[in-house]
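*Asks:* Generate a structure from the sequence data that follows.
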Amino acid sequence: MGTIVNVITIVIGSLIGLFAKNFLKESLQLAVMTALSLCVLVIGISGALITENMLIVISSLVIGTVIGEALNIDGRLTRLSENIEKKYFKKESNFAQGFMLASCLYVIGAMAIVGSIQSGLGSHDTLYAKALLDGVSSIFLAAIYGIGVLFSSIPVAIYQGGITLAAKQLTDVLNPELITELTAVGSVMIIAIGLNTLNIVKIKVANLLPSLLIVPVIMLVIMPLIATFF
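*Replies:* A predicted model of the protein is given here:
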């Protein structure tokens, strides 16, 4: 449902942008995006507070960040986005420009990954917030680049939907405690995204993504070993 709503808002936003491109003001875009970013912060904070073991959250984020920095995930994703933008912005039509730019904006990012995982685990709030952000931005992108922005909803559906379906299959093997801590760690990343969107600070959110893999390692491997020997 989270991905479906996200796709619908992109389509609706693009249609609005196509028909109202002469009436949109940049100041309105800034005001609405700021309001939505504050909502993202609230969602992130409320999700992070559900943790039952803050030590797991802290440990996962610290170890995951070290791994993310070593792999330079954020830098690699940024370069991928820039390379695609340079390749298509120089030669192609406005359709290709709008499609590629919007696709990169909506797909390449931690919010898409974290939100899709959370959606698969039963919580759609993050993707609902992303849907609002994408819907607003698609209005202004479509006003500039045309109908190509509308078709960016297709890779969003495939990418986010695939992650959600994969995560949903894991709910049968994941215990409630693990899901809770995964949600809490992911919500911390949502807080970082909100801060970035508000231009309060620049956090390399993609470098935090390995933290989601560290949570099950700690809870399913390390903690049982500690319990066995101590």
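*Asks:* mind listing the helices for the chain?
*Replies:* Applying DSSP state H to the chain gives helices spanning 2-19, 26-48, 54-71, 73-91, 94-107, 110-120, 125-145, 153-170, 176-197, 211-217, 223-229.
*Asks:* taking those together, which one is wrapped up most tightly?
*Replies:* Ranked by mean neighbour count under mean count of other Cβ atoms under 10 Å, those are led by helix 110-120, which reaches a mean of 25. C-beta coordinates here come from the backbone N, C-alpha and C atoms, glycine included.
*Asks:* and the direction of that helix versus that of helix 153-170, what angle?
*Replies:* Using axes from the mean of the first three to the mean of the last three Cα atoms, to 10 degrees, the inter-axis angle of helix 110-120 relative to helix 153-170 is 50 degrees.
*Asks:* what residue ranges in this protein are flagged as low confidence?
*Replies:* Counting by pLDDT under 70, the chain contains low-confidence ranges at 24, 29, 81, 84-85, 88-93, 96-97, 100-101, 104, 108-110, 172-174.
*Asks:* Now render the helices of the chain as CSV, adding distance to K204.
*Replies:* Formatted as CSV, those follow (distance: least, Cβ to Cβ, whole Å):
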stretch, distance to K204
helix 2-19, 23
helix 26-48, 16
helix 54-71, 8
helix 73-91, 4
helix 94-107, 17
helix 110-120, 9
helix 125-145, 19
helix 153-170, 20
helix 176-197, 9
helix 211-217, 13
helix 223-229, 28
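*Asks:* Return the distance of the spatially closest residue to G64 that is not a sequence neighbour relative to A142.
*Replies:* Distances taken as Cβ to Cβ, 6 or more residues apart in numbering put S211 closest to G64, at 2.8 Å, once the chain neighbours are dropped. Separation of S211 from A142 (Cβ to Cβ, to the nearest Å): 35 Å.
*Asks:* cool, and V201?
*Replies:* For V201, the distance to A142 - Cβ to Cβ - is 30 Å.
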